[in-house]
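Participant: sequence and predicted structure are below.
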Amino acid sequence: MSREYGPAAREERAAEVEESLEAVVEEVAAANAEAVEARRAFQEESGDVAAALLPFDDPQEAFRAKSNMDLVRSLAVFQMCRVRPLVDHADAHFVAGKDKEEIQPTLRFLARHGIAAILDYAAEDDLEASGEESATGDQVVARVYNYEGEELCDRRMDVFLKAIDAASTMNGAGFVAIKLTALGLPELLERVSNAQLAIRGLFEQFDDDGNGSVTIDEFRRVYDTYFTSDAEAESAGWFEQLDVTRDGTIDYVDWTSQISLFDTAKIASRCRERGPFFNAALTEEENDLLRKMLARVETLAAAADASGVRLMIDAEHSWFQPAVDHVTTRLQAQYNVARPVVFGTYQCYLKDSLPRLRFDLERAQRGGYRFGAKLVRGAYMVVERRRAAERGAPSPIHDSLEDTHANYDACVGEVLAHVARHGAGLMVASHNQASIEKAVAAMQRLGLGPQSGVYFGQLLGMADNLTFVLGQHGYGAYKYVPFGSVDEAMPYLIRRAQENSDMLGGVGKEMGMMRRELKRRILG
């Protein structure tokens with residue numbers, strides 16, 4: 001959902017956000033410091049508890065932090081969320097508030113129970129309408145870039161910097177979540193994604209036999225076919241540059257480490273004819289805008305690194321995600337050498353998520369930096385399926401919920417093994433109890449304690465029985481706390497409602513636990 005702001009309105013709104021956030025960050029800082037201390041105390045009191053013994057199913061334990069009115073409200077909201085037309089009106093349950101006074105009670109309440117907050121500025125942006133691709137076939141569509149939007153991106157960077165400052169008080173336990181669509185124009189992100197896909201497509205052309213690697217003979221043959229110069233020395237020079245490991249072959253890790261987005265126009269100029277790669281190459285204007293966007297994210301990553309904060313880059317629609325992945329990998333190689341600072345997000349409902357995850361783990365290992373990931377099931381199911389259907393393309397999403405569950409657990413297992421061997425960082429962002437239990441059990445098998453670089457996150461107002469039990473047993477438990485006015489937060493809330501509407505059909509267990517706890521309190 002997009003909104004149009006004139007220059008004056010943008011300036012006024014940015015000033016309001018900055019003023020409001022100044023007060024909000026003070027509350028977040030104090031509350032999160034309190035949460036870290038409470039978490040340590042809980043762990044000292046309970047010690048390490050076997051995964052099977054974590055009392056997720058005990059209503060008294062899971063909801064001991066909740067008042068009777070809290071339980072009644074949660075039951076009412078979950079019941080209403082089963083009726084889709086009502087989800088628009090449940091914002092108070094899922095958004096902490098718009099200013100210091102409104103969010104303070106929520107933050108303090110969470111902190112007392114060992115749960116820290118991840119401040120999530122709930123402003124989102126997207127392409128107009130359905131996000132049409134900028135080039136198809138031989139057609140090149142000119143983009144008109146909105147430089148007033150660039151100014152707003154700069155102001156949002158300042159908002160995120162203040163959130164990083166707030167999280168710095170947590171002694172290394174703070175997280176800040178950012179969205180690239182808040183820091184770069186959506187039109188640019190789609191073009192960058194198209195260029196990334198073109199770079200991959202070019203590799204697949206050179207990989208003539210499809211075995212995942214390119215030999216010197218394959219390279220020369222394809223080079224002579226598609227590029228203007230057929231000088232053997234020139235193609236050999238390119239091959240040598242791309243063969244990072246000097247083993248006589250180029251794989252996709254080598255390829256992506258050496259071919260830059262900024263080189264696409266230069267490479268395209270050597271093509272014998274116009275094709276997908278030529279059309280996807282970035283213009284000078286786009287390169288300039290990309291440099292500015294990268295400067296914003298690098299400013300945030302540098303601030304997070306210096307402050308002992310972890311920076312999570314949220315996932316986006318699939319037509320933006322290649323650009324997001326590129327930025328994330330670039331930042332990880334620079335800032336994740338000593339510890340995982342930058343975390344990328346993997347939406348495990350996507351069929352390609354496990355192969356991409358394995359590729360990125362391999363790339364981090366070869367590159368000598370610490371991998372960092374947040375694993376979610378997915379946030380754009382409705383839009384992704386509709387867009388694929390409109391284009392006559394196969395859905396990128398797993399065909400069944402069971403397939404998504406299995407893929408999610410497989411992804412968690414891959415990263416946990418990397419945490420144990422290579423010091424990676426992992427945020428298990430899930431509302432699924434079975435997945436949480438499997439993750440905790442795997443941690444114990446691998447000798448990973450509650451404070452070993454594995455964290456657990458749920459949305460404010462969702463899966464409280466999981467978050468509170470984890471926090472009360474010393475695990476790194478977090479709530480995503482959306483912050484902003486209702487107008488700004490509505491796209492976020494609608495997306496969350498769509499994401500969780502199927503899951504809400506299965507919260508009967510949590511609702512049943514709430515009812516049993518209320519009955520126990522009232523009747524004794």
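Facilitator: Done, it's in.
Participant: and the residue nearest to residue 283 when sequence neighbours are not counted, how many neighbours does it have?
Facilitator: Using C-beta to C-beta, 6 or more residues apart in numbering and skipping residues adjacent in sequence, the residue nearest residue 283 is residue 265, 7.0 Å away. The way it works is simple: take the backbone N, C-alpha and C, and place the C-beta from them, glycine included. Applying other C-beta atoms under 10 Å, we find 16 residues neighbouring residue 265.
Participant: tell me who's in contact with the residue sitting nearest the centre point of the chain.
Facilitator: Nearest residue to the geometric centre of the chain (C-alpha atoms, centre = their mean): residue 314, 2.5 Å. By C-beta atoms under 8 Å, 6 or more residues apart in numbering, the residues touching residue 314 are 177, 178, 179, 180, 345, 374.
Participant: repeat for residue 258
Facilitator: So residue 258 contacts 241, 242, 244 (C-beta under 8 Å, 6+ apart).
Participant: can you select the buried ones from those in ChimeraX?
Facilitator: Burial among these is assessed by 16 or more other C-beta atoms under 10 Å; the matching ChimeraX selection reads:
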select :242
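Participant: closest to residue 444 among the contacts of residue 258?
Facilitator: Set against residue 444, the nearest of those by C-beta to C-beta is residue 244 (37.8 Å).
Participant: I'd say residue 261 and residue 326 touch.
Facilitator: Yes. If you go by C-beta atoms under 8 Å, residue 261 and residue 326 touch, sitting 6.9 Å apart.
Participant: overlap of the contact sets of these two?
Facilitator: 192, 196.
Participant: related to what we said a few turns ago, distance of the residue nearest to residue 283 from residue 329?
Facilitator: 21 Å (C-beta to C-beta, to the nearest Å).
Participant: which residues of the stretch 1-150 of the chain score low on pLDDT?
Facilitator: By pLDDT under 70, the weakly predicted segments of the stretch 1-150 of the chain are 1-33, 36, 39, 42-53, 63, 73, 75-100, 121-148.
Participant: just the closest of the contacts of residue 258 to residue 284, please.
Facilitator: The closest of these, once distances to residue 284 are taken by C-beta to C-beta, is residue 241, at 23.4 Å.
Participant: angles on the backbone of that closest one, please.
Facilitator: phi -60, psi -40 (degrees, to the nearest 10).
Participant: returning to that earlier point: can you list the contacts of residue 258 in TSV and add pLDDT and distance to residue 116?
Facilitator: Converted to TSV, the contacts of residue 258 look like this (pLDDT from 0 to 100; distance: C-beta to C-beta, whole Å):
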residue	pLDDT	distance to residue 116
241	90	45
242	92	44
244	90	40
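Participant: got JSON lines for the contacts of residue 258, with distance to residue 105 too?
Facilitator: Listed next are the contacts of residue 258 as JSON lines, based on distance: C-beta to C-beta, whole Å:
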{"residue": "241", "distance to residue 105": "58"}
{"residue": "242", "distance to residue 105": "57"}
{"residue": "244", "distance to residue 105": "54"}
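Participant: and of the contacts of residue 258, the nearest to residue 406?
Facilitator: For those, the nearest to residue 406 is residue 244 (34.2 Å; C-beta to C-beta).
Participant: separation between that closest one and residue 256?
Facilitator: 10 Å.
Participant: same question, residue 470
Facilitator: 36 Å.
Participant: out of these two, which sits in the busier spot?
Facilitator: residue 470 (27 against 18).
Participant: that one touches residue 436, doesn't it?
Facilitator: Yes. With contact defined as C-beta under 8 Å, residue 470 counts as touching residue 436 (7.4 Å).
Participant: identify the contacts common to these two.
Facilitator: Joint contacts of residue 470 and residue 436 (C-beta under 8 Å, 6+ apart) are residue 456.
Participant: find the nearest non-adjacent residue to residue 380, please.
Facilitator: residue 317 is the one closest to residue 380 (C-beta to C-beta, 6+ apart), at 5.4 Å.
Participant: that neighbour: neighbouring residues, count only.
Facilitator: 21.
Participant: wait, isn't it in contact with residue 383?
Facilitator: Yes. Between residue 317 and residue 383 there is a contact at 6.5 Å, judged by C-beta under 8 Å.
Participant: past the helix or strand hosting residue 163, which element shows up next along the chain?
Facilitator: Using DSSP states H and E, residue 163 falls within helix 147-167. For helix 147-167, the following helix or strand on the C-terminal side (DSSP H and E) is strand 175-178.
Participant: packing partners for that next one?
Facilitator: Using 3 or more C-beta pairs under 8 Å, 6 or more residues apart in numbering; DSSP states H and E, the elements in contact with strand 175-178 are strand 115-121, helix 147-167, helix 284-307, strand 310-313.
Participant: what's the average pLDDT for the longest one?
Facilitator: When you say that, I think you mean helix 284-307. What helix 284-307 shows for mean pLDDT is 95.
Participant: which other helices and strands does it contact?
Facilitator: helix 147-167, strand 175-178, helix 186-206, strand 310-313, helix 321-335.
Participant: winner for burial among these?
Facilitator: strand 310-313 (a mean of 27; mean count of other C-beta atoms under 10 Å).
Participant: for the closest residue to residue 292 other than its chain neighbours, what are its contacts?
Facilitator: Nearest residue to residue 292 in three dimensions, chain neighbours excluded: residue 150, at 6.8 Å (C-beta to C-beta, 6+ apart). Residue 150 sits next to 185, 289, 292 when contact means C-beta under 8 Å, 6+ apart.
Participant: now do the first one against residue 285, distance only.
Facilitator: If I follow you right, that is residue 185. To residue 285, residue 185 is 11 Å away according to C-beta to C-beta.
Participant: any idea of the pLDDT on residue 437?
Facilitator: Listed pLDDT for residue 437 reads 95.
Participant: with residue 521 instead?
Facilitator: pLDDT, residue 521: 67.
Participant: check residue 416 too.
Facilitator: Residue 416 carries a pLDDT value of 98.
Participant: pull the contacting residues for it.
Facilitator: Listed by C-beta under 8 Å, 6+ apart, the contact set of residue 416 reads 426, 439, 442, 443, 446, 448, 454.
Participant: then residue 205?
Facilitator: 222, 226.
Participant: residue 70: which of the contacts of residue 258 is nearest?
Facilitator: Nearest to residue 70 among the contacts of residue 258 is residue 244, at 55.5 Å by C-beta to C-beta.
Participant: without its sequence neighbours, what residue ends up closest to that closest one?
Facilitator: residue 254 (4.5 Å).
Participant: helix/strand/coil for the one you found?
Facilitator: Assigned by DSSP: H, G, I helix; E, B strand; the rest coil, the conformation of residue 254 is helix.
Participant: might one say that it is in contact with residue 240?
Facilitator: No. With contact defined as C-beta under 8 Å, residue 254 does not count as touching residue 240 (11.3 Å).
Participant: for the nearest residue in space to residue 308 that is not next to it in sequence, give its distance to residue 371.
Facilitator: Setting aside the residues directly before and after it, residue 308 is nearest to residue 172 in space (C-beta to C-beta, 6+ apart), at 4.6 Å. Between residue 172 and residue 371 the computed distance is 18 Å (C-beta to C-beta).
Participant: for those two, indicate the residue with more neighbours.
Facilitator: residue 371 (26 against 11).
Participant: for the stretch 351-500 of the chain, what spans make up the strands?
Facilitator: Counting by DSSP state E, counting those that start in this stretch, residue ranges of the strands within the stretch 351-500 of the chain are 372-376, 425-429, 454-459, 476-483.
Participant: show me which of residue 254 and residue 240 is the more surrounded one.
Facilitator: residue 254 (20 against 12).
Participant: contact partners for the more buried one?
Facilitator: 242, 243, 244, 245.
Participant: mind putting these into a markdown table with distance to residue 278?
Facilitator: Below are those laid out as a markdown table (distance: C-beta to C-beta, whole Å):
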| residue | distance to residue 278 |
| --- | --- |
| 242 | 20 |
| 243 | 25 |
| 244 | 26 |
| 245 | 30 |
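Participant: widest-spaced pair of the residues you listed?
Facilitator: So, the contacts of residue 254 by C-beta to C-beta: farthest apart are 242 and 245, at 10.3 Å.
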